[in-house]
Structures are given as structure tokens and as C-alpha cells.
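Asker: Kindly return the folded structure for what I paste below:
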Amino acid sequence: MIASPTPTTTGPARAVRKAVVPAAGLGTRFLPATKATPKEMLPVVDKPAIQYVVEEAAAAGLDDVLMITGRHKRAIEDHFDNALELEQTLAAKGDTVRLDAIRDPARLAAVHHIRQGEPLGLGHAVLCARRHVGDQPFAVLLGDDLIGPRETLLSRMLDVQGRHGGSVVALMEVPEDQIHLYGCAAVAPSGEDGVVRVTGLVEKPAPERAPSRYAVIGRYVLDPAVFGVLERTPPGRGGEIQLTDALQELAADGTVHGVVFDGPRYDTGDKGEYLRTVVRLACERPDLGPAFTSWLKEFVAGLEDTGGRSVTRDSEDPLAA
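Answerer: The predicted model follows:
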């Protein structure tokens, strides 16, 4: 059994309370829908994608969330604020269900916003949070990477960071032909189920050069030491400051762990996966799932019977009303 590295902190680990959500991307893969609407605000059933991310942070006990945004992202700030006129209108109608739904985003956490200025990469976005975070460990949740709402990945990562110190990344095993889409981790055993030591990181390697099939997905718990490393990290792949490059330096010091995740994860930054995410989460909803699943089965059967041409009439759609 390989021993875990010495934690970078001394004494009891400091509780993580702050989360950083980078959301400054241009969303070009979803144009023209994202010409005036942030990609993070695209609806997943009846909530914007980024609300699922903030709900995940809040469920893990993180009550201070910093959004790293850019130009044309005002809608994100408005979503996590109170909407007094709309609230008054719904209250006057006695529509308590919708009233609670629009109040919920502002209740989740204390949400703050700063602008990145220029899209210089994920590492630069994290560096923009330095003043807000200070010298405390903090979580980073990517705004287009959704984890199944019943999963406890982030809580597990916070627990690992609390026991070992240093930084923690979320890892997921992916097929060999997909590893070039991710940061890839070289790992060693930690002696703990589901937890590994990260000994190195490579950003989007060619399959033949990948040290493993463990991809880094969009959840991190970072030691504040990462800020000093990011300051001196030169632009890497794509001319951007890569968080992976900074974590590689920390991994070389033996202070990075990985939590292996095998539950449901949804990439809403990809059009096909976005559509699949909407369908999957709609099927899981007790208020929508039964009728929607029944319709979906009939719809797919109709496609098979007609060679791929839809023959569904609007009157047969359980959501048409």
C-alpha cells in the first residue's frame, strides 16, 4: 500500500465554505441561441443549467458562491437575485408554487459576481477569484458540467480534502478514444477505496500518450497554493492559462488526490449531450416522468416503424398543454 502524501496544511483542516463557478465562456457551440443568452442559462427542463450547479454546491454546505462571468452574462446575475415585481404578481394571484420556484435561486447561497475581462482560460478564471477566496481552500464547479442531483461527489471531495489537505480533483474513467477531450491524470493507489494519488496531469493528450483513462471532470477542491502557481503559469494549450498545468506542478509535490466518480454526469456544453440531459432529467421527475416516458416510448417506436420520420400529432404530446 502506498502512503498518502503529507498534507500541505498543519493542524485541523479548515472547512471549505466558498465555491467558484467559472461562467465566462462565449458558448459558440450553441449559436445562435447563445448570441444574447448565456449558455449557462439554457433551460434543462425548467431550470437553467447553472442553477443545478449552485444547488449542488449548496447541498454540500458551500454557502458562498462566486460567479466568474463576462460580457453579456447579466442574465446570470439577475437569475440569482430577487425579482420583486414578479414575486408581487405571483403573490397577488396566490401562485405559491411558482413564487417559491423563482425565490429559490436567491435562497441557495450568497452569490457574488465578478468579470473575467478576457477569456484567457480556466486557470485565469480561477485566478480572478483570488481576492474573494483569500487563503482558504475552495471548490470550483464548472457551469456546464452537471452531476446527478442525488450524487454526493462534491461532499466526498470535501471530506478527502479535509482529511488529507492539498487539492482534490474529480476523475472519471472514459473510453480510450475520448481521453483527448479531457485533462488526463496519472495516478497511484492511496490505500482508500475510490481515492487515488494524482502523480501527474496532461491536458487533452493523444490517446497513445495518455497516462491513464482517468479524465478530470468539472469538480475541484483547491488549496489556495494554486493561486501562486497560476500566477507564474504561462499560456499553454490554445494560448490559455490551463488549470491542469498548475495542478501538474502541485501533483509533482504530492499534494493532489483524485476521487473516482462512476455516477451520472451530464455535459450541457455539447448539443447532443444537452438534449440527452434534458430527456434523462425529465424522465426522472415525478411530475413529468411517467407521462413523458410513456410518450417517449411511443415516439421512438414510431420512428422505428416509419424509418426515422416522426408521425406524432400534437394532441398525443403529454406536455402540449
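Asker: Helices of the protein, start to end?
Answerer: All helices of the chain, identified by DSSP state H, fall at 49-59, 74-79, 84-93, 96-107, 122-127, 130-133, 153-164, 225-231, 243-252, 271-284, 289-305.
Asker: ok, now how distant is the nearest residue to Asp46 once chain neighbours are set aside from Ala23?
Answerer: Nearest residue to Asp46, sequence neighbours excluded (C-beta to C-beta, 6 or more residues apart in numbering): Ala101, at 8.0 Å. Quick note: C-beta positions are derived from backbone N, CA and C, even for glycine. Distance of Ala101 to Ala23, computed by C-beta to C-beta, to the nearest Å: 21 Å.
Asker: How about Glu56?
Answerer: 14 Å.
Asker: Same list (the helices of the chain) but as TSV, adding mean pLDDT, mean neighbour count and distance to Val216.
Answerer: Conversion of these to TSV gives the following (pLDDT from 0 to 100; neighbours: other C-beta atoms under 10 Å; distance: least, C-beta to C-beta, whole Å):
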stretch	mean pLDDT	mean neighbour count	distance to Val216
helix 49-59	95	22	17
helix 74-79	92	16	24
helix 84-93	93	12	39
helix 96-107	93	13	28
helix 122-127	94	24	11
helix 130-133	94	16	20
helix 153-164	95	21	12
helix 225-231	94	19	14
helix 243-252	92	23	7
helix 271-284	94	15	17
helix 289-305	91	13	32
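Asker: closest one to Ala186 among those?
Answerer: Smallest distance to Ala186 across these (C-beta to C-beta): 8.0 Å, for helix 243-252.
Asker: Mind giving me the packing neighbours of that closest one?
Answerer: helix 122-127, strand 167-173, strand 183-192, strand 195-203, helix 225-231 (3 or more C-beta pairs under 8 Å, 6 or more residues apart in numbering; DSSP states H and E).
Asker: 6 Å - rerun?
Answerer: helix 122-127, strand 195-203, helix 225-231 (3 or more C-beta pairs under 6 Å, 6 or more residues apart in numbering; DSSP states H and E).
Asker: circling back: quick one: the residue nearest to Asp46 and Gly183, what's the gap?
Answerer: Counting by C-beta to C-beta, the gap from Ala101 to Gly183 is 36 Å.
Asker: Neighbours of the spatially closest residue to Val216 that is not a sequence neighbour, how many?
Answerer: Distances taken as C-beta to C-beta, 6+ apart put Gly183 closest to Val216, at 3.9 Å, once the chain neighbours are dropped. By other C-beta atoms under 10 Å, 24 other residues sit near Gly183.
Asker: Tell me, what's the model's pLDDT at Gly183?
Answerer: On pLDDT, Gly183 comes in at 89.
Asker: give the contact list for it.
Answerer: Leu201, Glu203, Val216, Thr244 (C-beta atoms under 6 Å, 6 or more residues apart in numbering).
Asker: For it, give the beta-bridge partners.
Answerer: Glu203, Val216 (DSSP bridges).
Asker: separation between it and Met172?
Answerer: 11 Å.
Asker: Equivalent analysis for Val229, please.
Answerer: For Val229, the distance to Met172 - C-beta to C-beta - is 24 Å.
Asker: Over to Leu31?
Answerer: 28 Å.
Asker: Looking at the two, which is more packed in?
Answerer: Taking neighbours as other C-beta under 10 Å, Leu31 and Met172 compare with Met172 leading, 19 against 10.
Asker: give the contact list for Thr277.
Answerer: Counting by C-beta under 6 Å, 6+ apart, Thr277 has contacts Val44, Tyr266, Thr268.
Asker: Verify the contact between the second one and Ile147 for me.
Answerer: Read it as Tyr266. No. Between Tyr266 and Ile147 there is no contact under C-beta atoms under 6 Å: 7.8 Å.
Asker: Restricting to C-alpha, output stretch 153-171 in PDB.
Answerer: The C-alpha trace of stretch 153-171 is given here as PDB (Å, rounded to 0.1, in the frame of the first residue of the first chain):
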ATOM      1  CA  LEU A 153     -19.400  13.600  -5.300                       C
ATOM      2  CA  LEU A 154     -18.600  17.100  -4.100                       C
ATOM      3  CA  SER A 155     -19.200  16.100  -0.400                       C
ATOM      4  CA  ARG A 156     -16.800  13.200  -0.800                       C
ATOM      5  CA  MET A 157     -14.200  15.500  -2.300                       C
ATOM      6  CA  LEU A 158     -14.600  17.900   0.600                       C
ATOM      7  CA  ASP A 159     -14.200  15.100   3.000                       C
ATOM      8  CA  VAL A 160     -11.000  13.900   1.300                       C
ATOM      9  CA  GLN A 161      -9.600  17.400   1.300                       C
ATOM     10  CA  GLY A 162     -10.400  17.800   5.000                       C
ATOM     11  CA  ARG A 163      -8.500  14.600   5.800                       C
ATOM     12  CA  HIS A 164      -5.500  15.000   3.500                       C
ATOM     13  CA  GLY A 165      -5.200  18.700   2.800                       C
ATOM     14  CA  GLY A 166      -3.900  19.800  -0.600                       C
ATOM     15  CA  SER A 167      -6.100  19.700  -3.600                       C
ATOM     16  CA  VAL A 168      -8.700  17.200  -4.900                       C
ATOM     17  CA  VAL A 169      -9.900  16.600  -8.400                       C
ATOM     18  CA  ALA A 170     -12.800  14.500  -9.700                       C
ATOM     19  CA  LEU A 171     -11.900  11.700 -12.000                       C
END
